[in-house]
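**Q** Any chance you could fold what I've pasted below:
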Amino acid sequence: MIPRDDLSLAAARRVFWWAFVGTLALKVLLAGLFPFTGDEAFFYQWGVRPAWHYSDHPPLVGWLLAVLHAISDAPIVLRSVTLLVTSVIALLVVDLLRRLLPEEREAQAWLAGAVYLALPWSWLFVLVTTDTMLILFMALSFWAYVRADTAERGSGWYLLSGALLGAAFFSKYFAALLGFAYAVHAWGWRRDRWWAPFLVFVAALPAILGNLWLNALHGWSHVMFNVFNRNEASAWSMKTFLTFAVMALYLVTPWWLWRAARSRAPAGVSATARTTLAVLWLFPLVVFALLATRRTIGLHWVLGFVPVFAVWAGLRTDVRPLRRLLAYTVALSVPHLLGVLVLALGPTSWFASTKWADRAVFLRENTAVVAALRDGLPGDAVLMAQAYNPAAMLAYRAGHYVPVFGSGRYHSRQDDLVVDFRAFDGKHVRVFHYDEPDLAAYTPYFERVSKRPFTIDGAEFWQVDGEGFRFAPYREQVLAAIARDFHDIPRWLPVLGDPFCERYGFADCSPGR
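**A** Down below sits the predicted model:
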């Protein structure tokens, strides 16, 4: 309970630790209750088959899931590290604020940490994806950088910040944006530390070189996805910009942003610290805003920079307004919690009249869907799906890999690395569909095809049965289109390997092209 007058230091600490324990308990509850999602199931397959390189993103989350998979496949175990991330970050926020604020303002640090924990995305951060390790290591790198920036001799801290940034880079590439923010800060506002970005870069360099080498051996799949394939349709759009602006405002909450913008850090806070924090959260937001004029910016892109904002805003927001902000943020979280509980526990009949009815049933009753698809399936038949999301979820419940039939999309192309369609030649293939499929898309690749619907908990799904898979036309039409659309590697990139193109004999994207 927050007293009516200004909080004492002891009371502020109690508020923080109540928020820490309460949100952690809530995350454990949600991690155990919420069904395993498609993206989680996709990355889970990385953990089942540990490798140096995966499609789309660097391998760190795959290695994490390999360790957790060895313990258990229960969702709460697979999510166990993720649910700790924002709790750890809250401790970093408090630690930095305690170091930067005058001693008599320490209560402010603890309350700012409590507000951070109450942000909806903070306690909702339980799903295990590539963002798990990205956000953790970005926060740790930021913490080390601020320690370096405020130290008399910060060389060791800069090196640590760079090593942690390299670990974040081994999770997702746009961690590099934080590195660019370091450089902009040092060369624009901290010129006496002009050498700092070079130390950060040197420490991050092993991760950068490792990623480049692995990409060259695997058809530059990360570069093709992040730079080329996903951006081909980008164009000027005011809608995507406004969507980003609203989303960013939602993540940090309009009341905290407004209050911090109208306030100033106390007199005891150094000008260096104030400038550092402002640059490190504003520069990435400006970059995202510019990108948002041409493409959609995902909510998860911005999450890694919210801790930076929390320290900046916490530095500028006094105890009395922080009390009110905490109450506002808790109130904002209540409808989010109710919505999540309805999705996780509410009867699927509640979604029957919505456009998400079949998706809700598939998410909640995935085991029953797998059982229905296995009914009457020949022993040597192959189960597939029409897209990566249902394929991954079916694989998680079925206990074996489920490939995608067809060309798929530009993202989540793990099949290109691990699936060999030559092994299915002549076999029976059953393909899952959400909606009624067009058999014309299947007849060229099978001797006989048929389709039938099946119903789970009131939701209708479809399966296509193809007898006698014909690999030759599938290679010439589907696989050749995949090579053309998703493996069109620029000539200036050296190709040291491309498992997909080498496997199927596409010379234009193979070594020695």
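**Q** How much space separates the closest residue to Phe125 other than its chain neighbours from Val306?
**A** What sits nearest to Phe125 in space, not counting adjacent residues and going by C-beta to C-beta, 6 or more residues apart in numbering, is Thr86, at 4.9 Å. All C-beta atoms are positioned from the backbone trio N, CA, C, and that covers glycine. Separation of Thr86 from Val306 (C-beta to C-beta, to the nearest Å): 9 Å.
**Q** Compare the two and say which is more crowded by neighbours.
**A** Set side by side, Thr86 and Val306 show more neighbours around Thr86, with 27 against 22, by other C-beta atoms under 10 Å.
**Q** Quick check: the more buried one touching Ala118?
**A** No - with contact defined as C-beta atoms under 8 Å, Thr86 does not count as touching Ala118 (10.7 Å).
**Q** Overlap in contacts, the two.
**A** Applying C-beta atoms under 8 Å, 6 or more residues apart in numbering, one finds that Thr86 and Ala118 are jointly contacted by Thr23.
**Q** mind listing the strands for this protein?
**A** Listed in chain order, the strands of the chain (DSSP state E) span 382-385, 429-433, 446-456, 459-469.
**Q** Out of these, flag the one nearest Ser349.
**A** strand 459-469 (10.2 Å; C-beta to C-beta).
**Q** Report the mean per-residue pLDDT for the closest one.
**A** The pLDDT scores in strand 459-469 average 97.
**Q** strands paired with that strand, and their directions?
**A** Here strand 459-469 is paired, per DSSP bridges, with strand 429-433 (antiparallel), strand 446-456 (antiparallel).
**Q** tell me the most buried of these?
**A** Using mean count of other C-beta atoms under 10 Å, the stretch among these with the largest mean neighbour count is strand 429-433, at a mean of 22.
**Q** Keeping just the C-alphas, turn that one into CSV.
**A** The C-alpha trace of strand 429-433 is given here as CSV (Å, rounded to 0.1, in the frame of the first residue of the first chain):
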residue,chain,number,x,y,z
VAL,A,429,1.8,-36.6,-47.9
ARG,A,430,-0.9,-35.1,-45.8
VAL,A,431,-1.1,-31.3,-45.6
PHE,A,432,-2.9,-29.3,-43.0
HIS,A,433,-4.9,-26.2,-44.0
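**Q** circling back: mind putting the strands paired with strand 459-469 into CSV with distance to Trp52 and mean pLDDT?
**A** Formatted as CSV, those follow (distance: least, C-beta to C-beta, whole Å; pLDDT from 0 to 100):
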stretch, distance to Trp52, mean pLDDT
strand 429-433, 30, 98
strand 446-456, 35, 97
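**Q** Looking at these, spot the one closest to Ala167.
**A** With C-beta to C-beta, the closest approach to Ala167 among those belongs to strand 429-433: 36.8 Å.
**Q** Mind listing residues that contact the closest one?
**A** By C-beta under 8 Å, 6+ apart, strand 429-433 touches 369, 373, 377, 381-386, 390-391, 394, 405, 437, 442, 446, 461-466, 469.
**Q** same question, stretch 174-190
**A** With contact meaning C-beta under 8 Å, 6+ apart, stretch 174-190 is reached by 134, 137-138, 141-142, 145, 149, 161-162, 165, 168-169, 193-194, 196-197, 200-201, 204, 272, 275-276, 279-280, 283-284, 287, 301, 304-305.
**Q** Which ChimeraX command selects the buried ones in the contacts of strand 429-433?
**A** A single ChimeraX command selects the buried members of those (16 or more other C-beta atoms under 10 Å):
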select :369,373,381,382,383,384,385,386,390,391,394,405,437,442,446,461,462,463,464,465,466,469
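**Q** Any idea how far the lengthiest helix in the chain is from the middle of the chain?
**A** Secondary structure assigned by DSSP state H gives helix 319-345 as the longest helix of the chain. Put simply, helix 319-345 sits 22 Å off its chain's centre (C-alpha atoms, centre = their mean, to the nearest Å).
**Q** So which bits of that helix are buried?
**A** Val319, Pro321, Leu322, Arg323, Leu325, Leu326, Tyr328, Thr329, Val330, Ser333, Val340, Leu343.
**Q** Need the mean per-residue confidence for stretch 80-88.
**A** 98.
**Q** what are the C-alpha coordinates of it, in PDB please?
**A** Output of stretch 80-88 as PDB, limited to C-alpha atoms (Å, rounded to 0.1, in the frame of the first residue of the first chain):
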ATOM      1  CA  SER A  80      11.800 -20.000 -17.700                       C
ATOM      2  CA  VAL A  81      14.600 -17.800 -18.800                       C
ATOM      3  CA  THR A  82      12.300 -15.400 -20.700                       C
ATOM      4  CA  LEU A  83      10.100 -14.700 -17.700                       C
ATOM      5  CA  LEU A  84      13.200 -13.600 -15.700                       C
ATOM      6  CA  VAL A  85      14.400 -11.100 -18.300                       C
ATOM      7  CA  THR A  86      12.300  -8.000 -17.400                       C
ATOM      8  CA  SER A  87      12.800  -8.800 -13.700                       C
ATOM      9  CA  VAL A  88      16.600  -8.700 -14.100                       C
END
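**Q** tell me how far that stretch is from the chain's mean position?
**A** Distance, centroid of stretch 80-88 to centroid of chain: 14 Å (C-alpha atoms, centre = their mean).
**Q** State the distance from Gly376 to Phe486.
**A** Relative to Phe486, and taking C-beta to C-beta, Gly376 is found at 34 Å.
**Q** Look at these two and report which has more neighbours.
**A** A count of neighbours by other C-beta under 10 Å puts Phe486 above the other of Gly376 and Phe486, at 24 against 11.
**Q** Contacts only, for that one.
**A** Met224, Asn229, Tyr410, Arg413, Asp416.
**Q** Adding distance to Tyr474 and neighbour count, write the residues you listed out as TSV.
**A** Shown next, in TSV, are these (distance: C-beta to C-beta, whole Å; neighbours: other C-beta atoms under 10 Å):
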residue	distance to Tyr474	neighbour count
Met224	22	24
Asn229	21	20
Tyr410	20	17
Arg413	16	24
Asp416	14	23
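**Q** circling back to that earlier point, want to throw the buried residues of helix 319-345 into JSON lines with pLDDT and distance to Asp508?
**A** Below are these laid out as JSON lines (pLDDT from 0 to 100; distance: C-beta to C-beta, whole Å):
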{"residue": "Val319", "pLDDT": "95", "distance to Asp508": "64"}
{"residue": "Pro321", "pLDDT": "96", "distance to Asp508": "61"}
{"residue": "Leu322", "pLDDT": "97", "distance to Asp508": "59"}
{"residue": "Arg323", "pLDDT": "96", "distance to Asp508": "64"}
{"residue": "Leu325", "pLDDT": "98", "distance to Asp508": "57"}
{"residue": "Leu326", "pLDDT": "98", "distance to Asp508": "58"}
{"residue": "Tyr328", "pLDDT": "98", "distance to Asp508": "57"}
{"residue": "Thr329", "pLDDT": "98", "distance to Asp508": "54"}
{"residue": "Val330", "pLDDT": "98", "distance to Asp508": "57"}
{"residue": "Ser333", "pLDDT": "97", "distance to Asp508": "52"}
{"residue": "Val340", "pLDDT": "96", "distance to Asp508": "47"}
{"residue": "Leu343", "pLDDT": "92", "distance to Asp508": "45"}
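**Q** Could you export these to TSV, including columns for distance to Ala481?
**A** Putting these into TSV (distance: C-beta to C-beta, whole Å) gives the following:
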residue	distance to Ala481
Val319	61
Pro321	58
Leu322	56
Arg323	59
Leu325	53
Leu326	54
Tyr328	52
Thr329	49
Val330	51
Ser333	46
Val340	39
Leu343	36
